[in-house]
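Novice: when you get a sec, could you give me coordinates for this:
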Amino acid sequence: MDLKRYVHDLAMEAKTGARSLAKASSAQKNHALIKMAEALKQRASELISENRKDIAYAEQKGLSKAMVDRLALNEKRINEIAEGLVEVAQLPDPVGEVIKMWQRPNGMTVGKMRVPIGVIGIIYESRPNVTADATSLCLKAGNAVILRGGSEAINSNKAIVNILRKAAKDNGIHEGAITFIDMPDREAVMEMLKLEGIIDLIIPRGGEGLIRAVTENSRIPVLKHYKGVCHVFVDRDADLKMAEDICFNAKVQRPGTCNAMETMLVDEAIAKKFLPRMLKRFKAARVQVKGCPKTVAIFTGIKKVKGKDFYNEYLDLILNVKVVKNMDDAMEHIAKYSSAHSDTIVTENYARAMRFLREVDSSAVLVNASTRLNDGYQFGLGAEIGISTDKIHARGPMGLEELTCTKFIVLGSGQIRE
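Specialist: Numbers count the residues shown, from 1 in each chain. So this is what the prediction gives:
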């Protein structure tokens, strides 16, 4: 089969699906999502059987236990995927919402309405749950989706897509709204990225290498974040017990996520009081601490941090610690090393908290809260398709609203331009 033609034809099918889906009512989309959830549960044994092929391949390739675990499907995980579809069905439909209206001197009314983006390409790695999650969010927002998962999960992904497509068709949704590139060749992705005018948006989900490769080769707008180098700054006016709990949660609760803290900044005015207890707690949790000279002087037996370490997204129980002169010094450090993902200040000083919110340029800036809270579900969006650190269209957790764009609408009564 000609690869270029194959990818092009799939994308055209998705474009047809997008036009059809744009006409679907909220009730129709919600009903389809609920039926998809039921179908996944009913065909769980089939999914598990296909998933075993991916697990065997992953073990043969020598993938880590963590990677194999991400791939694995069982009845509990399939039920969780299905419940995710039901939750999306219960969310408010953003399509058609008029978000602003104003009247002009000539009597016409101008407004902005949320509409689907069109065709969204999702390029992702590992976890089969992304297949269902991305499908449900795109469908609810009125978009067709082209899915391209990693080769390590191809059997699981194909099985999920087949179930979702059949359930969609059986419930009045055009099959093209859910398309899947089942060729593992990297060249299939490259062809997909050339389809400007057919695919409207690309969202890559995975490691920094994947995201940079997609961005460098795409002719289509890409929504993404490269990595999460997140900071917590403990200010001189912080409640130190609160600061300790926030920092511990930000690093230890789930270190392999993009919103986990990678560097802790501590105001030198409270460093000698705060660091011994904090670092002892980290040590008990098996966190490997790398400290600046002032940190090493306060708490012995830790490694010295190198300048390049501050750029690292460890995704592990490893933490940089730096003592800073004041908040200005902390914000200078963040401006230099942050990936503009999630940055927090812990302080009881209102003026400094407000300055931090205004001046730190990240997709989420928090006061007295863990960086781990930068998440669509935690923010009340219900679900997310990813987190964007871009500044155009969407920034931060991307839920249903971020999977729409707006168009101007005008209500007139015969107005013409003089």
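
Novice: which residues in the stretch 151-300 of the chain form strands?
Specialist: Assigned by DSSP state E, counting those that start in this stretch, the strands in the stretch 151-300 of the chain fall at 178-180, 201-205, 230-234, 261-267, 288-291.

Novice: using CSV, write out every CA atom in whichever helix in the chain runs longest.
Specialist: In the chain, with assignment by DSSP state H, the single longest helix is helix 3-21. Listed next in CSV are the C-alpha coordinates belonging to helix 3-21 (Å, rounded to 0.1, in the frame of the first residue of the first chain):
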residue,chain,number,x,y,z
LEU,A,3,1.9,5.1,2.5
LYS,A,4,1.3,8.7,1.4
ARG,A,5,-2.1,7.7,-0.2
TYR,A,6,-3.1,5.7,2.9
VAL,A,7,-2.5,8.6,5.3
HIS,A,8,-4.2,11.1,2.9
ASP,A,9,-7.3,8.9,2.5
LEU,A,10,-7.6,8.5,6.3
ALA,A,11,-7.3,12.2,6.8
MET,A,12,-10.0,12.9,4.1
GLU,A,13,-12.3,10.4,5.9
ALA,A,14,-11.7,12.3,9.1
LYS,A,15,-12.6,15.6,7.4
THR,A,16,-15.9,14.1,6.2
GLY,A,17,-16.5,12.9,9.7
ALA,A,18,-15.8,16.3,11.1
ARG,A,19,-18.4,17.9,8.8
SER,A,20,-20.9,15.4,9.9
LEU,A,21,-20.1,15.6,13.6
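
Novice: weakest of the strands of the stretch 151-300 of the chain by average pLDDT?
Specialist: Lowest mean pLDDT within the strands of the stretch 151-300 of the chain: strand 201-205, a mean of 94.

Novice: helices or strands up against that one?
Specialist: When contacts are defined as 3 or more CB pairs under 8 Å, 6 or more residues apart in numbering; DSSP states H and E, strand 201-205 sits against strand 119-124, helix 129-140, helix 208-217. Every C-beta, even on glycine, is put in place using the N, C-alpha and C of the backbone.

Novice: now residue 103: closest residue in space, sequence neighbours ignored.
Specialist: Once flanking residues are discounted, residue 103 sits nearest to residue 109: 5.2 Å by CB to CB, 6 or more residues apart in numbering.

Novice: and for the closest residue to residue 237 other than its chain neighbours, the neighbour number?
Specialist: Spatial nearest neighbour of residue 237, chain neighbours left out: residue 349 (4.0 Å); criterion: CB to CB, 6+ apart. Neighbour count of residue 349, defined by other CB atoms under 10 Å: 15.

Novice: isn't residue 349 up against residue 267?
Specialist: No: under the criterion of CB atoms under 8 Å, residue 349 makes no contact with residue 267, lying 10.6 Å away.

Novice: what residues are shared contacts of those two?
Specialist: Common contact partners of residue 349 and residue 267 (CB atoms under 8 Å, 6 or more residues apart in numbering): residue 235.

Novice: run through who's touching the helix or strand harbouring residue 146.
Specialist: Residue 146 belongs to strand 144-148 when assigned by DSSP states H and E. Contact with strand 144-148 is made by 10-11, 14-15, 17-18, 21, 118-124, 131, 134-135, 138-139, 157, 161, 176-181, 188-189, 192, 199, as judged by CB under 8 Å, 6+ apart.

Novice: any idea how far residue 64 lies from residue 152?
Specialist: For residue 64, the distance to residue 152 (CB to CB, to the nearest Å) stands at 12 Å.

Novice: what's the answer for residue 100, then?
Specialist: In terms of CB to CB, residue 100 sits 45 Å off from residue 152.

Novice: go on, residue 212?
Specialist: 20 Å.

Novice: looking at the two, which one has more neighbours?
Specialist: The neighbour comparison of residue 212 against residue 152 (other CB under 10 Å) goes to residue 152, with 23 against 14.

Novice: where in this structure is pLDDT low?
Specialist: The model of the chain has pLDDT under 70 over residues 1.

Novice: where do the helices of it begin and end?
Specialist: With DSSP H, the ranges of helices along the chain come out as 3-21, 26-42, 44-60, 65-71, 75-90, 129-140, 154-170, 186-192, 208-217, 240-252, 268-284, 293-298, 327-337, 350-359.

Novice: need the ones you listed in a markdown table (columns: distance to residue 416).
Specialist: Shown next, in a markdown table, are the helices of the chain (distance: least, CB to CB, whole Å):
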| stretch | distance to residue 416 |
| --- | --- |
| helix 3-21 | 32 |
| helix 26-42 | 36 |
| helix 44-60 | 60 |
| helix 65-71 | 60 |
| helix 75-90 | 44 |
| helix 129-140 | 39 |
| helix 154-170 | 45 |
| helix 186-192 | 45 |
| helix 208-217 | 45 |
| helix 240-252 | 59 |
| helix 268-284 | 67 |
| helix 293-298 | 70 |
| helix 327-337 | 51 |
| helix 350-359 | 45 |
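
Novice: deepest of the ones you listed, which one?
Specialist: Each of the helices of the chain was scored by mean neighbour count; the highest is helix 129-140, a mean of 26, by mean count of other CB atoms under 10 Å.
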